[in-house]
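K.L.:
I'll drop the sequence and a predicted model, then ask my questions.
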Amino acid sequence: MLFRSEGPRSDAPFVAVNCAAIPATLIESELFGYAPGAFTGAKAKGAPGRLQDADGGTLFLDEIGDMPLPLQAVLLRVLETRRVTPLGSSDETPIDIAIVCASHRPLHSLVAEGTFRADLLFRLNGLSVTLPALRERADFDHFLDTLLADAADGRPIRLANTVRAQLRAYPWPGNVRQLKNALRVMIALLDDTDTVI
């Protein structure tokens, strides 16, 4: 979950786009919008893209490492000019956005492989925050208790010390989502009267 600060864009639009979840053939129209009749199946009046939806606010590009290479060049131009040109149009629309990106893939390695543009990385990389993997968290036990309380939905369930130690020792390749699912399954397998896993 993302929390917005008291900054100047805190009351402005916050638009999230998962670059990995949108097919490569649709992501350009999703981000930049399109003009009327730009392609078969396009809305008669066209549609604004997510960049225009975020105007005045923040655009969150999740999994930017999965963005197709040709689209990276278009995004780079938008960042440079602060203008968006919808598909099928020659009209540019000015935009004022802040961009936040996330990736589970190491972008510097993708640059070395030639699948991510170095100039786009440099343009986006004003501040980097690396979140530790679940198995590397010093506050794992506190985090575990928080997730357990959330999954228990008000039931007073606690973990036996042996189970806690096993959960702490597991490498969690699926990270937080995998731990959440494991806790949900454990709780679902309890009898209604059980309070200890």
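P.N.:
On my side now, so go ahead.
K.L.:
okay, CA-based contacts and neighbour counts for the rest of this
P.N.:
Will do.
K.L.:
tell me the centre residue of the protein?
P.N.:
D62 (3.0 Å; C-alpha atoms, centre = their mean).
K.L.:
Next up, phi/psi of that one, please.
P.N.:
Backbone torsions for D62, taken as degrees, to the nearest 10, come to phi -80, psi 140.
K.L.:
S109 too?
P.N.:
phi -70, psi -40.
K.L.:
could you pull out the strands for this protein?
P.N.:
Secondary structure of the chain (DSSP state E): strands at 14-18, 33-34, 47-48, 58-62, 83-84, 93-94, 98-102.
K.L.:
and among those, the most buried is which?
P.N.:
Neighbour counts (mean count of other C-alpha atoms under 10 Å) averaged over each of those peak at strand 33-34, with a mean of 23.
K.L.:
need the helices for the protein, in chain order.
P.N.:
24-32, 50-53, 69-81, 107-113, 118-124, 140-152, 161-169, 175-188 (DSSP state H).
K.L.:
Show me which residues of the lowest-mean-pLDDT helix or strand in the chain are buried.
P.N.:
Among the helices and strands of the chain, helix 24-32 carries the lowest confidence by mean pLDDT, DSSP states H and E, at a mean of 85. By 16 or more other C-alpha atoms under 10 Å, the buried positions in helix 24-32 come out as I27, E28, S29, E30, L31, F32.
K.L.:
How about stretch 111-128?
P.N.:
V111, T115, F116, R117, L120, L121.
K.L.:
Residues contacting it, please?
P.N.:
For stretch 111-128, contacts defined as C-alpha atoms under 8 Å, 6 or more residues apart in numbering pick out G65, L69, Q72, A73, L76, L79, I99, C101, L107, H108, L110.
K.L.:
what's the spacing between the residue nearest to R9 when sequence neighbours are not counted and A12?
P.N.:
Once flanking residues are discounted, R9 sits nearest to G57: 5.3 Å by C-alpha to C-alpha, 6 or more residues apart in numbering. Distance, G57 to A12, using C-alpha to C-alpha, to the nearest Å: 5 Å.
K.L.:
Which one's more surrounded, these two?
P.N.:
G57 (21 against 14; other C-alpha atoms under 10 Å).
K.L.:
For the residue nearest to the centre of the chain, give me its contacts.
P.N.:
A16, V17, N18, C19, A20, C101, A102, S103.
K.L.:
Tell me, what's the model's pLDDT at T195?
P.N.:
T195 carries a pLDDT value of 74.
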